[in-house]
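1. here's a sequence, model it:
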Amino acid sequence: MKTHIRRSIATAAVAFVALAGLTACGGSEPDSGGSAGGSGTLEVWDYEGQGVSNDAMNAAVAEFEKQNPDIKIKRTSFAFGDLSKSIVQGGVGGSVPDVAVIDTVDNQNFAALGLLLDISEQTKGQKDEFYEGPWNSTQLDGKTYGLPMNSNNLALFYNKTMLEEAGVTPPKTWDELKEGAKKLTSGDHVGLAVSGVKNEQGTFQILPFVWQTGGDVQEYSKSGAEALTFLKEMIDEGSMSSAVANYSQEDVRTQFTTSKTAMMVNGPWEIQNLADVDFEWGVAPLPQGKVAATGLGGENIVAFQESKNPEAATKFVKFMASKEGAKIFCDVSGQLSSRPDLQGQLKLSEDENLKVFEKQLEVAHARAYGGEYAKISEAIQLSIQEALTGSQTPDEAAKKAESTIKPLLGK
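-> Below you'll find the model as predicted:
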């Protein structure tokens, strides 16, 4: 990588790492074998080193190596919070892996920093193999810088007993959500909990309400104000705690498992955490406003511009995102696939609750707003804090955020 590119990475990395709030972690030196022509050893970084995720990676890697005996995969697994910083640090120092499995929200950031390999030609015609949201997360300036490997999204969890006792059915619209939450509120129990904390979790959880207005961040003074007004009204009515401005997604789960809230917005990763609760619960799609929408999470797999073996790296990326590779990984890990052709064909597809998340991938939106997304997210987080705490009106908070967001879009 040229020196001036490394300098630009170092400059941009300061804001990126600061926003992510990551802790330092050293990475191992890549060992790509230096071989050309799609053979040799590929250095792969991920944060899938624990439990079923590790088993899933090992299973998919084993099948890839069986089909490609001249390519060996050398994995290095990091803690979730350390991988992104290690990649940025590696970019500054000229020491990056051949391939990495990354959070979808980091894909455009890394591409904008000049770290990722443009695989547009190698993936031409593959757009329709993936849901729109996951595919969009791999795009920057009309080029493809990775492929979706697995996905998740947000839905509405509800306490069946509390809803039955209050005569409330799982809400399908904003009006039903507001009215139902009001009926479910009594004493120290509220109707709904969401995460509005001032970090990426808050952005992830509140943006679906923005998209459900039928708008987007490009007109945040309108769509953001409408979404924040809806949420603030629920706080003012007492059917949602004002403490949601400080709730992480884990805090939201705690409110739900202790029956302090009847409903919560959260993701499929919480299903295993609800196995031992002493009440019946269910999952429903996020209630829609003008349109249905939810937020996209999950992982993409990317190759690096400085890979010593880009041909083999691209081959591995394509395998892991293929129908075969994705099914192996998702069946072992219990993750959702980013591919419509696997809907209803995974082991998880037999679970009624997971089916909700699987179906919602059709309306899942990526947080894909270009290389300045970190700053855009920060502006959205500030507007959430201002509106939900009442320090500014939702209109004032959204208008101020848009003045920050607009100049950052498209960069």
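
2. contacts and neighbour counts: CA atoms only from here.
-> Noted.

3. tell me how far the ends of stretch 103-111 are from each other?
-> The first and final residues of stretch 103-111 sit 13 Å from each other (Cα to Cα, to the nearest Å).

4. I should have written stretch 97-107 there, sorry.
-> With Cα to Cα as the measure, stretch 97-107 spans 15 Å from end to end.

5. give me the contact list for that stretch.
-> Residues outside stretch 97-107 that contact it (Cα atoms under 8 Å, 6 or more residues apart in numbering): 29-32, 42-47, 83-84, 134, 137-138, 145-146, 148, 297-304, 306-310, 313, 317, 366-368.

6. go through the residues you listed and flag which are in strands.
-> Members of the contacts of stretch 97-107 lying in strands (criterion: DSSP state E): 42-46, 148, 297-303.

7. low pLDDT regions in the stretch 151-300 of the chain?
-> Judged against pLDDT under 70, the stretch 151-300 of the chain has no low-scoring part.

8. CA atoms only for whichever strand or helix holds residue 150, dumped as CSV, please.
-> Per DSSP states H and E: residue 150 is located in strand 147-153. Taking Å, rounded to 0.1, in the frame of the first residue of the first chain, the C-alpha atoms of strand 147-153 are listed here in CSV:
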residue,chain,number,x,y,z
LEU,A,147,-20.3,-10.4,0.3
PRO,A,148,-23.0,-11.0,3.0
MET,A,149,-22.2,-14.1,5.1
ASN,A,150,-25.1,-14.1,7.6
SER,A,151,-27.7,-11.6,8.8
ASN,A,152,-29.9,-10.7,11.7
ASN,A,153,-32.4,-8.0,12.5
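
9. who does the spatially most central residue of the chain form a beta bridge with?
-> For the chain, residue 297 is the residue whose C-alpha lies nearest the centre (Cα atoms, centre = their mean; 2.1 Å). In this structure, residue 297 bridges to residue 152 when assessed by DSSP bridges.

10. run through the strands of the stretch 201-350 of the chain in chain order.
-> 261-266, 281-284, 294-303 (DSSP state E, counting those that start in this stretch).

11. what about residue 124, which SS state?
-> Secondary structure, DSSP: H, G, I helix; E, B strand; the rest coil: residue 124 is coil.

12. surely residue 195 forms part of a strand?
-> No - assessed by three-state DSSP, residue 195 does not belong to a strand; its assignment is coil.

13. give the contact list for it.
-> Remark: with contacts taken as Cα under 8 Å, 6+ apart, residue 195 is in contact with 201-202, 205-206, 244-249, 251-252, 265.

14. quick check, nearest of those to residue 161?
-> When the contacts of residue 195 are compared for distance to residue 161 (Cα to Cα), residue 265 comes out closest, at 17.6 Å.

15. correct me if wrong: residue 297 contacts residue 152.
-> Yes - counting by Cα atoms under 8 Å, residue 297 sits close enough to residue 152 to count as a contact (4.9 Å).

16. rewinding a little: in JSON lines: the strands of the stretch 201-350 of the chain, plus distance to residue 379.
-> Putting those into JSON lines (distance: least, Cα to Cα, whole Å) gives the following:
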{"stretch": "strand 261-266", "distance to residue 379": "22"}
{"stretch": "strand 281-284", "distance to residue 379": "30"}
{"stretch": "strand 294-303", "distance to residue 379": "18"}
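
17. of those, which approaches residue 60 most closely?
-> Taking those one by one with Cα to Cα, strand 294-303 is closest: 13.0 Å.

18. which neighbouring elements make contact with the closest one?
-> In terms of contacts (3 or more Cα pairs under 8 Å, 6 or more residues apart in numbering; DSSP states H and E), strand 294-303 is packed against strand 99-103, strand 147-153, helix 200-211, helix 310-321, strand 364-365.
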